[in-house]
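[1] coordinates only, sequence not included:
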């Protein structure tokens, strides 16, 4: 009887121990189960705005900027959010647009024409947490920096082709605003042409605006009637190329590939690729490394190119173009290297002298071979 009781007690004790062990084991499992981690809040995208002087469909300057904006979106995806305002005048109205962009929460703002310089200088101090970028200007502030492309390199390459293709030895340029940027391009176009044809003369008609298709058409017609058979422009629409097509002459695309606007007249396009700089500027802002300063990019940095060369350009001209482009890419070739003479026949650069960027930024004279007088303009 005692053995039976002992056996029953032992069985009960064993069962109790098993139950306790099971409870402890369950307790350990519950303690080990981690609580679900809260999802990290997603960072708000960097808001970026662009102020354009012309319409995005101008086929030239603004079109090139907007293509670069789209490249930004492709590069950074949902890390950024971009917007733009087109046809913003180079006037007090630009100040209003820029202030509105900053007020809407944009933290990186690009002003894409020379005439926005003073408005941006005025607005920037009001929005210290916004980074402003000004194209083609030369004034900076703590939160305002400048960027530009060496368009004169594209103009020189166009000149090489023009010098080979002209039959009258007279070239024409439709100019926009008489500032160093544009005058530098006219001169570089002439120097490129003279490098293959010393007989070249260049005539210029100014329209006083960046985007004015009717005036550009009228200016191009005037140049052709005056004997120019190859035209370049420093304006924003394809009107010059279209006029050359209509009148049976040749011309170049400017800022963007304009082949489609005048395929028979088109000799090639001097294009700007703003994407490399815009990607760098955006990365600087995202990484907290943005700082004021100045940038001037060309063929070397992938910002300037000459594309869509016409099929009837002779092999020696193509070879010269390739040589120039390769030299600009490597840095072994310099366009503005003396001897270079002004209209009066005096040296503006002596033999072997190389122009620095300060010299280039202040060009307000024509080189020998460009006819007429430089209009008064503001820099």
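    Perfect, I can see it now. Since the structure is predicted, the reported quantities are computational estimates derived from the model, not experimental observations.

[2] separation between residue 54 and residue 324?
    Distance of residue 54 to residue 324, computed by CB to CB, to the nearest Å: 29 Å. All C-beta spots, glycine's among them, are computed from the backbone N, C-alpha and C.

[3] I misspoke; the intended subject was residue 98.
    Residue 98 is 38 Å from residue 324, by CB to CB.

[4] Give me the more crowded residue out of those two.
    Comparing residue 98 with residue 324 by other CB atoms under 10 Å, the one with more neighbours is residue 98, at 27 against 21.

[5] Report pLDDT for the more buried one.
    Here the pLDDT value assigned to residue 98 is 98.

[6] do the one 3 residues further on as well
    The per-residue pLDDT reported for residue 101 equals 98.

[7] Settle this for me: it is touching residue 48, isn't it.
    No. At 9.5 Å, residue 101 and residue 48 do not qualify as touching, with contact defined as CB atoms under 8 Å.

[8] Can you check which residues contact both of those two?
    Residues touching both residue 101 and residue 48 (CB atoms under 8 Å, 6 or more residues apart in numbering) are 83, 109.

[9] Break the protein down into its domains, please.
    Using automatic domain parsing, the domain ranges for the chain come out as 46-150+275-300, 151-272+304-361.

[10] Switch those domains over to TSV; also include distance to residue 374.
    Listed next are the domains of the chain as TSV, based on distance: least, CB to CB, whole Å:
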stretch	distance to residue 374
domain 46-150+275-300	17
domain 151-272+304-361	6
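
[11] Most tightly packed of the ones you listed?
    domain 151-272+304-361 (a mean of 20; mean count of other CB atoms under 10 Å).

[12] For it, what is the distance to the chain centroid?
    19 Å (CA atoms, centre = their mean, to the nearest Å).

[13] Could you do stretch 86-96 as well?
    19 Å.

[14] do stretch 277-294 as well
    Relative to the chain's own centre, stretch 277-294 is displaced by 14 Å; criterion: CA atoms, centre = their mean.

[15] which other residues reach that stretch?
    By CB under 8 Å, 6+ apart, the residues outside stretch 277-294 that reach it are 46, 48, 68-69, 71-72, 75-76, 79-80, 107-108, 110, 131, 133, 138, 140-149, 295, 297, 301, 303.

[16] Over to stretch 70-84?
    Here stretch 70-84 makes contact (CB under 8 Å, 6+ apart) with 43, 45-52, 56, 66, 69, 101, 106, 275, 278-279, 282, 286.

[17] dump the residue contacts of the nearest residue to residue 129 once chain neighbours are set aside.
    Nearest residue to residue 129, sequence neighbours excluded (CB to CB, 6 or more residues apart in numbering): residue 107, at 6.8 Å. Shown in contact with residue 107 (CB under 8 Å, 6+ apart): 46-48, 129-131, 285.

[18] ok, now residue 130?
    102, 106-109, 124, 143 are the contacts of residue 130 under CB under 8 Å, 6+ apart.

[19] could those be laid out in TSV, adding secondary structure and distance to residue 178?
    Shown next, in TSV, are the contacts of residue 130 (DSSP: H, G, I helix; E, B strand; the rest coil; distance: CB to CB, whole Å):
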residue	secondary structure	distance to residue 178
102	helix	31
106	coil	33
107	coil	35
108	strand	31
109	strand	28
124	helix	27
143	coil	30
